[in-house]
Every structure is written in C-alpha cells, then in structure tokens.
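> with the input below, show me the fold.
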Amino acid sequence: MSAIVITKDNFEAEVLKEQGTVLIDFWASWCGPCRMLSPIVDEVAAAHPEVKVGKINVDEQQELAQQYGIMSIPTLIVFKNGQKANESVGLIPKEKVEAMIA
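Residues are numbered from 1 along each chain as shown. Next up is the predicted model:
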C-alpha cells in the first residue's frame, strides 16, 4: 500500500479511528532530510501492507503539526488503534522505521 496524504479534514478518519497501526511522516518539500526519508517510508509502506502510512506536509497542515508538537522535521509518529505509540525525530534508517511499527 502506498502512503496517503493526510490533512486536517481526513486525519480523524484515517488515523484516530483506524484500528491497527498507522505510521505518519511529518515533512516539508524544502527539507533535505525529509526528501531522504521519504523513499524509506515508501519502502516500509510497500513491505508492510498491514500498516497504514500517511504523510503530512507541515507547511500545508500547520494545525496538525502544532497539535502534535512538531518542532523538527522529519518526524515520524506511530499510532496504534488511534493512540500515539511511538515517535522519532530526524533521518533514521529503514530498520529503525520498521522497528517503530513492530
């Protein structure tokens, strides 16, 4: 499954009401480490169809970024059954992303 675009309009339905694991990538187009992490997140999405993967552009969705205290990007947050379960800030290797969703 490929990553979906998350906005404040679909956040509740796609993340908070989702039963199971959701990996959210907070990113911006001008962020170098974000551009390096994006293909890793896409690989994890392809390798783990049981995990919903979403991307939130912090420039377009400032309300969500503020709500989750995003101070640095890239930031990955894992939600399990609608509850925040894990968080990572900065560029991390694929193995660490997979460990977050395990």
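
> only C-alpha atoms for contact and neighbour calcs from this point on.
Noted.

> point to the residue nearest the middle of this protein.
I24 (1.5 Å; C-alpha atoms, centre = their mean).

> how about the contacts made by that one?
Taking C-alpha atoms under 8 Å, 6 or more residues apart in numbering, we find I24 in contact with V53, G54, K55, I56, L76, I77, V78, F79.

> any idea what the fourth one is bridged to?
Which is I56. F26 (DSSP bridges).

> hang on, it packs against L23?
No - using C-alpha atoms under 8 Å, I56 is not in contact with L23; the gap is 10.7 Å.

> between those two, who's got more neighbours?
Neighbours were counted for I56 and for L23 using other C-alpha atoms under 10 Å; L23 has more, 28 against 23.

> secondary structure element holding the more buried one?
Taking DSSP states H and E as the criterion, L23 maps to strand 21-27.

> quick one: mean pLDDT over that strand.
Averaged over strand 21-27, pLDDT sits at 98.

> may I see the buried residues of that strand?
T21, V22, L23, I24, D25, F26, W27 (16 or more other C-alpha atoms under 10 Å).

> kindly report the same for stretch 57-64.
Quick answer for stretch 57-64 (16+ other C-alpha under 10 Å): N57, V58, L64.

> ok, the second one to N86 distance?
What that stands for is V58. Using C-alpha to C-alpha, to the nearest Å, V58 is found at 19 Å from N86.

> columns distance to A3 on top of the buried residues of strand 21-27, output as TSV?
What follows is the buried residues of strand 21-27, written out as TSV (distance: C-alpha to C-alpha, whole Å):
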residue	distance to A3
T21	13
V22	10
L23	9
I24	9
D25	9
F26	12
W27	13
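
> and these, which is closest to E12?
Closest approach to E12 among the buried residues of strand 21-27 (C-alpha to C-alpha): V22, at 11.9 Å.

> in a helix, I70, correct?
No - secondary structure of I70, determined by DSSP: H, G, I helix; E, B strand; the rest coil: coil, with no helix assignment.
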